[in-house]
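**Q** got a predicted structure here, sequence first:
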Amino acid sequence: MKIAKIIFLKVILFITASINLFSQTAEEWKKLGNIELESANYVKAIEYYQKAIEADSTYFDAYYNLGAAFSNIQEFEKAIDFYSKAIDINDTIADTYFSLGTVYADQNEYEKAIKLFKQGINLKPDSPNEHYFLSFLYQKKGNNIYSTLYFKKAAQLGDALAQQYFIDNEISWEDNFVKPDYDQIKLNIENKQSNFHYSKLWDRFQQGDSTMTLEEKRHLYYGYVFNKSYSPYVAADNSKQVNAILEKKNPKQKEWKKLASLLNTSLETEPFNVRYLYYQYVAYNFINESVNAEKNLQKIWTIIDALNSTGDGLLKGTAIHVIAVSSEYDYLFFNDLSSRGQALMSGGYDVLYLYPNENELEEMWFDVNQPLNYIYKSFK
């Protein structure tokens, strides 16, 4: 009788344990999986995570941890599948993109890895280790520009290895870009006693003055927003006539002369249009007006120097500040780049996606807050 009671109690305990086992929540299964994952018992961890999904098919943590477990046993296709499902459930977690990108990197699929790391960095921009790894990925691709760019960014964010490299080579990892201070610029260009007084700068610009300092160039270009003629979206109305000559295979002397005259009219409307200045420079050379050609060349450099002082355009954080939409495309034109698409980003940024080019640049970022402010004020 006593033995029968013992057996009965064991059966009851077994049934109770079984009921408890089957009633585990997804969170409880995940915790069991985490214990096994930390102990490198990956097969058992996978079993528990899959039970978590059976309990809740939308449980992000289980999918993410399954990706990690399968990655550890080098079952990369399954790791990719589960990380991807985790992103489908919640696409706002940066670490998922980094983890999935690492899986692709392990398989030497650097393009996919780079894309995922950049997506992750967009969500978590202050990630020194991830910037460092992105630098490594670009290095594996042979793209030195972006490799150096992200390496420097890693150092700026505090990555010790990146910083040590710059220290050892006595190189600064800081950028020297300066955003335009419009309030200060306005004060300076309105001061008649100052070298920055706008009428003085304007006259020197029109003369192609090569002695203008960088600050004077910045005050000239960015100070134009306070000119009554300023409009970031205005366009010359003689573009058809201009293009008709430019599209000719071998324009005649009189056509080059007409082009130079037409572009004078265009530049009255868009004085900082680099493309117009360049085409007029070419026209002046064909009609042997070398002095005017040299003036135009200096004007172009004045504008480009001002733009370059605010950023390199390679990242959102180093976007180039422009006062007109045309300046974005002028900058591409000057650097022999062309855009295959455009997107307006939050915070007043315009990103232009580039066609394949010699330097393997992927995109250019521009700060377009001034043109947007102009629209806002116009509507208001």
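**A** It's in.

**Q** residue 82 reaches residue 66, doesn't it?
**A** Yes: taking contact to mean CB atoms under 8 Å, the distance of 4.1 Å between residue 82 and residue 66 places them in contact. The way it works is simple: take the backbone N, C-alpha and C, and place the C-beta from them, glycine included.

**Q** ramachandran angles for the residue nearest in space to the middle of the chain?
**A** Averaging the C-alpha coordinates of the chain gives a centre point, and the residue nearest to it by CA atoms, centre = their mean is residue 315 (3.7 Å). Taking degrees, to the nearest 10, you get phi -140, psi 160 for the backbone angles of residue 315.

**Q** tell me where the model's unsure across the stretch 51-200 of the chain.
**A** Within the stretch 51-200 of the chain, no range satisfies pLDDT under 70.

**Q** give the contact list for residue 71.
**A** By CB atoms under 8 Å, 6 or more residues apart in numbering, residue 71 lies in contact with 79, 99, 102, 103, 106.

**Q** which parts of the strand or helix carrying it are buried?
**A** Under DSSP states H and E, the secondary-structure element containing residue 71 is helix 60-72. Within helix 60-72, the residues that qualify as buried by neighbour count (16 or more other CB atoms under 10 Å) are 60, 61, 62, 63, 64, 65, 66, 67, 68, 69, 70, 71.

**Q** my guess is the second one contacts residue 30, does it?
**A** Yes: with contact defined as CB under 8 Å, residue 61 counts as touching residue 30 (5.3 Å).

**Q** give me the common contacts of those two.
**A** Between them, residue 61 and residue 30 have residue 52 as joint contacts when contacts are counted by CB under 8 Å, 6+ apart.

**Q** picking up where we left off before, ok, the residue nearest to the residue nearest to the centre of the chain when sequence neighbours are not counted to residue 127 distance?
**A** The spatial neighbour of residue 315 that comes closest, neighbours along the chain excluded (CB to CB, 6 or more residues apart in numbering), is residue 365 at 6.3 Å. Between residue 365 and residue 127 the distance is 18 Å, computed by CB to CB, to the nearest Å.

**Q** repeat for residue 89
**A** In this structure, residue 89 and residue 127 are 22 Å apart, going by CB to CB.

**Q** neighbour count for these two, which is higher?
**A** A side-by-side neighbour count of residue 89 and residue 127, using other CB atoms under 10 Å, places residue 127 first with 21 against 16.

**Q** show me the shaky parts of the stretch 251-380 of the chain.
**A** Under the criterion of pLDDT under 70, the regions of the stretch 251-380 of the chain flagged as low confidence span 380.

**Q** domain parsing for this protein?
**A** Residue ranges for the domains of the chain, per automatic domain parsing: 25-90, 103-174, 185-380.

**Q** distance between the ends of stretch 211-229?
**A** Across its full length, stretch 211-229 reaches 26 Å end to end, with CA to CA, to the nearest Å as the criterion.

**Q** same deal with stretch 329-344?
**A** 15 Å.

**Q** check which residues of that stretch are buried.
**A** Taking 16+ other CB under 10 Å as the neighbour-count basis, stretch 329-344 is seen to contain the buried residues 329, 330, 331, 332, 334, 337.

**Q** and what of stretch 196-213?
**A** Along stretch 196-213, these residues count as buried under the neighbour rule (16+ other CB under 10 Å): 196, 197, 198, 200, 201, 202, 204, 205, 208, 212.

**Q** for stretch 161-172, same thing?
**A** The neighbour-count check on stretch 161-172 (16+ other CB under 10 Å) flags 162, 163, 165, 166 as buried.

**Q** stretch 145-161 now?
**A** 146, 147, 149, 150, 151, 152, 153, 154, 155, 156, 157, 159.

**Q** narrow the residues you listed to those in helices?
**A** Those of the buried residues of stretch 145-161 mapping onto helices are 146, 147, 149, 150, 151, 152, 153, 154, 155, 156, per DSSP state H.

**Q** and which of those is nearest residue 139?
**A** Closest to residue 139 out of those is residue 147 (4.3 Å), distances taken as CB to CB.

**Q** hmm, residue 139 and the closest one touching each other?
**A** Yes: using CB under 8 Å, residue 147 is in contact with residue 139, at 4.3 Å.

**Q** residue contacts, the residue nearest to the centre of the chain?
**A** Contacts of residue 315 were listed using CB under 8 Å, 6+ apart, and they are 149, 153, 365.

**Q** make JSON lines out of those residues and add distance to residue 282.
**A** Shown next, in JSON lines, are those (distance: CB to CB, whole Å):
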{"residue": "149", "distance to residue 282": "33"}
{"residue": "153", "distance to residue 282": "38"}
{"residue": "365", "distance to residue 282": "29"}
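
**Q** may I have the secondary structure class of residue 236?
**A** Each residue gets one of three states, and residue 236 gets coil by DSSP: H, G, I helix; E, B strand; the rest coil.

**Q** need the phi and psi values for it.
**A** Listed backbone geometry of residue 236 is phi -60, psi 140, with angles given as degrees, to the nearest 10.

**Q** ok, residue 82 - contacts?
**A** Here residue 82 is in contact with 63, 64, 66, 67, 70 (CB under 8 Å, 6+ apart).

**Q** could you say which helix or strand holds it?
**A** Under the criterion DSSP H and E, the helix or strand holding residue 82 is helix 76-89.

**Q** now do the buried residues in that helix.
**A** Within helix 76-89, the residues that qualify as buried by neighbour count (16+ other CB under 10 Å) are 78, 79, 80, 82, 83, 85, 86, 87, 89.

**Q** could you do stretch 227-244 as well?
**A** Under the neighbour-count criterion of 16+ other CB under 10 Å, stretch 227-244 has 232, 236, 242 buried.

**Q** switch those residues over to JSON lines; also include distance to residue 178 and pLDDT.
**A** As requested, those are arranged in JSON lines below (distance: CB to CB, whole Å; pLDDT from 0 to 100):
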{"residue": "232", "distance to residue 178": "21", "pLDDT": "91"}
{"residue": "236", "distance to residue 178": "31", "pLDDT": "81"}
{"residue": "242", "distance to residue 178": "35", "pLDDT": "92"}
